[in-house]
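J.: Provide a 3D model corresponding to the input given below.
(one chain, ligands or ions: 1)
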Amino acid sequence: MTEGLSLRISTKDDIEIIHSIYQSEIGSSWTYDDFDKKRTDTHHRIYSICINEACIGFIILQVILPEADLLNIAIHKDFQSKGYGTEVLKNITDLMKRSGVQKIFLEVRAQSAAVCFYERNGFKKIDTRKKYYNNIEDAIIMQYLV
Ligand SMILES: CC(C)(COP(=O)(O)OP(=O)(O)OC[C@H]1O[C@@H](n2cnc3c(N)ncnc32)[C@H](O)[C@@H]1OP(=O)(O)O)[C@@H](O)C(=O)NCCC(=O)NCCS
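T.: Numbers count the residues shown, from 1 in each chain. You can find the predicted model right below:
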């Protein structure tokens, strides 16, 4: 990985910054407590994306072997488009492989710029859920074969 860039299992101290990055980059439906509960839940993994040990983003997965769902990834605006997200996904897919995961799924808004990001990183569109978001926007289901 790029010098200074690292992934670590999120600590309770990371949750406040993770929640604020989530609110500014993704939305507002998950509360601080939602993240904190997932942090200690056996089926969820939250990793902090760090630069020189400072948390600048997160990735959260639900793992029920042999499958995983990538629930969210976000990087603080100041650190986007520098290649960090790509490096993180590469590391996470390697980590999932070592954990026995065979397929990773995700669901993303059809209009999101993240669709290209995931495609560039080996995820394939496998299905569409029509008008899934607010009865307006489609959801795209994507799969990565580990
Ligand atoms: C998606 C995201 C994690 C990618 O991380 P990153 O470090 O910016 O990614 P990389 O630098 O490796 O790759 C850049 C690509 O990501 C995508 N991207 C960049 N900014 C983005 C943004 N605000 N939202 C979504 N995708 C973005 C683009 O495809 C970009 O390609 P480009 O630089 O050629 O335009 C990050 O941009 C982000 O946090 N976006 C906002 C939250 C989000 O959309 N999360 C995913 C859906 S839940």
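
J.: would you mind measuring from residue 71 to residue 107?
T.: Computed with C-beta to C-beta, to the nearest Å, the distance linking residue 71 and residue 107 is 9 Å. Where C-beta positions appear, they are placed from N, C-alpha and C, glycine not excepted.

J.: same question for residue 93.
T.: On the measure of C-beta to C-beta, residue 93 and residue 107 end up 17 Å apart.

J.: and the two? which has more neighbours close in?
T.: residue 93 (19 against 15; other C-beta atoms under 10 Å).

J.: just checking, that one touches residue 103?
T.: No: under the criterion of C-beta atoms under 8 Å, residue 93 is not in contact with residue 103, lying 10.9 Å apart.

J.: can I take it that residue 118 is in a strand?
T.: No: applying DSSP: H, G, I helix; E, B strand; the rest coil, one finds residue 118 to be helix, outside a strand.

J.: name the nearest residue to it, ignoring sequence neighbours.
T.: Closest residue to residue 118 apart from its sequence neighbours, by C-beta to C-beta, 6 or more residues apart in numbering: residue 142 at 5.5 Å.

J.: thanks a lot, see you next time.
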